[in-house]
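Engineer: pasted the sequence and its predicted model underneath.
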Amino acid sequence: MGKIINQALYEELKDDDLSFIYLGRFDNSVLGMATELWKGYMGKSSDTEGQKNKVSFLMIESFQNILRYGLSGRTEDETSGEIFVVRRRENTYYITSGNYIDNSKIENIQGKLERVNSMTADELKQIFVETLTNKQLSKEGGAGLGFVEMIRKTKEKLEFKFVPVDKNRSFFYFQLKLKCGDTNAQQPISIDSAEHLKNIMEQNHKFLAVKGDIDRTTVNQILLMAENNIAVLDPELTTQRKVYHIMVEMIQNISKHAVPSENGCHEGLFSFGKCGQEYSVTASNYVDSNSTERLKAYINVLNSKNREQLDEYYKQVLRNGHDNLEIASGLGLIDIARESKDGILVQTDTYDNKSLLTIECQV
Amino acid sequence: MQKLYIEATSTTPRVVFDPDDGKLMITGRSMPEDSDTFYSPIFNWLEEYAANPKSYTELVFNFEYYNSATLRCVLELMSILKNIKEPNTLKIIWYYEDGDESSQENGEDLRYTINFPIELRVIE
């Protein structure tokens, strides 16, 4: 049993209200799902409609930047490499993209970014109109209508960073910051954080991580995004169903059992990935510290049973479940144990006097 | 002339252009990866319409989301219709959500760029 990955991710994300990290397959349908997911999240926040629409706009623009410029820089044996991150912390949204880029293009992009970063609001408006009306200019890229609109909407400098990969390519990180309401950011997110997240995710073969209030509406969007990736990775329908089933159980486990925070959120961290032939599904959430030991003991009992014993146990719980609510809530866990290759990995950590329970399984 | 009807997808808007009553509506999300490919049949339809328009034409944009490339296509659609000459009349309406100052600002930008009194309305 390896080390559970969610800890490293959690360390990085714990001060976020919401986080979304994606390293999977990039196409416009994924963008549609990510936008939906955020719409669900933002629906509950106190941000104004205008701010929410800006976030959607900025997400679309930076995601499509990856589609437009990013995918060509990859070599054939690199199946992924691009990263897309959206986070909210201290009333500020951070939208970060990362993709390969030919070194020959750096000068041009850097020039455009520095140019728009140095412009006043009036100059930006002027360049916006020019770029919009001049077709030739826009084909050649001009100042980049996207960049101009991003800076006009965020009113913040565009952050960027080029990390050399090899003699021909670099990795281009690009970050947007949108402040909503009063904010005196004590812990602003640096562009380096995306690089760190990318390393954690890649080392652990994860392609999706979501932290925040996990409820019924967000569950469906997370599942859709994961499903979209599995369908491509695994044409085998039985595998797809099995993985999907585990994800449903694990995510619902968060939404059902997480101890609600002061504002009623069921905060959790869910991550999903594939290494070799195995999928890994990991879920973390805060639990009542009294029930931690009981849950751990229960999982150990499940791990000690073989498949037949688990099947028998499952039926037994189904029959008697209603007499014993405590056991009934473990039905999902039996299911997870039945599908999991090496049993359920379990770990607890303490943050701010609260117990974070993490379970992981390989399918 | 045939009615132009395009069903919405998760990344492209619903388009309903009715040549019989002159009402031309685009609603929903517009964030196609390749905006020119999506919009070019719409440009073609509109050019044919503009050659022989109804006495009153109303072009309405009501976007939930849009990307920057869409703005360029919107400008192109407006430019085609601007050729409509008197006594025929043209009205262009740009809807934005209450409090969404950036969409409102884009509406103003378009008005300024195309030099036409585009009507900005708040979505009710």
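Structural biologist: Yes, it's here.

Engineer: residue contacts, the residue of the stretch 201-350 of chain A found nearest chain B?
Structural biologist: In the stretch 201-350 of chain A, the residue that lies nearest chain B is A:Leu224 (10.5 Å; CB to the nearest CB). All C-beta atoms are positioned from the backbone trio N, CA, C, and that covers glycine. Residues in contact with A:Leu224 (CB atoms under 8 Å, 6 or more residues apart in numbering or on different chains) are A:Met33.

Engineer: sec struct for it, please.
Structural biologist: Three-state call for A:Leu224 (DSSP: H, G, I helix; E, B strand; the rest coil): helix.

Engineer: which residues of chain A score low on pLDDT?
Structural biologist: In the predicted model of chain A, residues A:1-5, A:70-80, A:135-143, A:216-217, A:255, A:257, A:262-263, A:320-330 satisfy pLDDT under 70.

Engineer: most proximal residue of it with respect to chain B?
Structural biologist: Counting by CB to the nearest CB, chain A gets nearest chain B through A:Gly32, at 3.4 Å.

Engineer: for that residue, grab the count of nearby residues.
Structural biologist: Per other CB atoms under 10 Å in any protein chain shown, the neighbour tally for A:Gly32 reads 21.

Engineer: roughly how far does the nearest residue to it once chain neighbours are set aside sit from A:Val30?
Structural biologist: In this structure, A:Gly32 finds its nearest non-sequential neighbour in B:Ser10, 3.4 Å apart by CB to CB, 6 or more residues apart in numbering or on different chains. Separation of B:Ser10 from A:Val30 (CB to CB, to the nearest Å) stands at 10 Å.

Engineer: pick out whichever of the two has more residues nearby.
Structural biologist: Remark: of B:Ser10 and A:Val30, A:Val30 carries more neighbours, 20 against 14, as counted by other CB under 10 Å.

Engineer: buried residues, whichever strand or helix holds that one. List them.
Structural biologist: Assigned by DSSP states H and E, A:Val30 falls within helix A:28-43. The neighbour-count check on helix A:28-43 (16 or more other CB atoms under 10 Å in any protein chain shown) flags A:28, A:30-42 as buried.

Engineer: quick check, the residue in chain B closest to chain A?
Structural biologist: B:Ser10 (3.4 Å).

Engineer: picking that back up, list the buried residues in the next helix-or-strand element following the helix holding A:Val30.
Structural biologist: Downstream of helix A:28-43, the first helix or strand assigned by DSSP H and E is helix A:49-65. Buried residues in helix A:49-65, counting neighbours by 16+ other CB under 10 Å, are found at A:50-65.

Engineer: residue 13: neighbouring residues, count only.
Structural biologist: Using chain A. 24.

Engineer: my bad, chain B
Structural biologist: 26.

Engineer: just A:His245 next, same as before
Structural biologist: Around A:His245 there are 15 residues (other CB under 10 Å).

Engineer: select the longest strand from chain B.
Structural biologist: strand B:56-66 (DSSP state E).

Engineer: buried ones in it?
Structural biologist: Buried-residue list, strand B:56-66, by 16+ other CB under 10 Å: B:57-66.

Engineer: same thing with stretch A:95-105?
Structural biologist: Buried-residue list, stretch A:95-105, by 16+ other CB under 10 Å: A:95-101.

Engineer: what does it contact?
Structural biologist: Against stretch A:95-105 from outside (CB under 8 Å, 6+ apart): A:55, A:58-59, A:62-63, A:65-66, A:69-71, A:73-74, A:81-87, A:109, A:162, A:164-165, A:167-176, A:178, A:191, A:193-195, A:198.

Engineer: and stretch B:59-73, end to end?
Structural biologist: With CA to CA, to the nearest Å applied, stretch B:59-73 spans 14 Å between its terminal residues.

Engineer: tell me the gap between it and the middle of its chain.
Structural biologist: Between the centre of stretch B:59-73 and the centre of its chain there are 7 Å (CA atoms, centre = their mean, to the nearest Å).

Engineer: quick one: contacts for B:Asn115?
Structural biologist: By CB under 8 Å, 6+ apart, B:Asn115 lies in contact with nothing.

Engineer: what residues does chain B have near chain A?
Structural biologist: B:10-11, B:29, B:31-33, B:65-69, B:71-72, B:75, B:97-103, B:105, B:109, B:112-113 (CB under 8 Å from any CB of the partner chain).

Engineer: distance of the residue nearest to A:Lys157 when sequence neighbours are not counted from A:Asp192?
Structural biologist: The shortest distance from A:Lys157 to any non-neighbouring residue, by CB to CB, 6+ apart, is to A:Asn117 (4.9 Å). Distance of A:Asn117 to A:Asp192, given as CB to CB: 19 Å.

Engineer: give the contact list for B:Val16.
Structural biologist: Contacts of B:Val16 (CB under 8 Å, 6+ apart): B:3-5, B:23-25, B:27.

Engineer: which helix runs longest in the chain?
Structural biologist: In the absence of a named chain, chain A is used. Ordering each helix of chain A by length in residues (DSSP state H) puts helix A:237-257 first.

Engineer: chain B was what I was after
Structural biologist: Per DSSP H, chain B has its longest helix at helix B:35-51.
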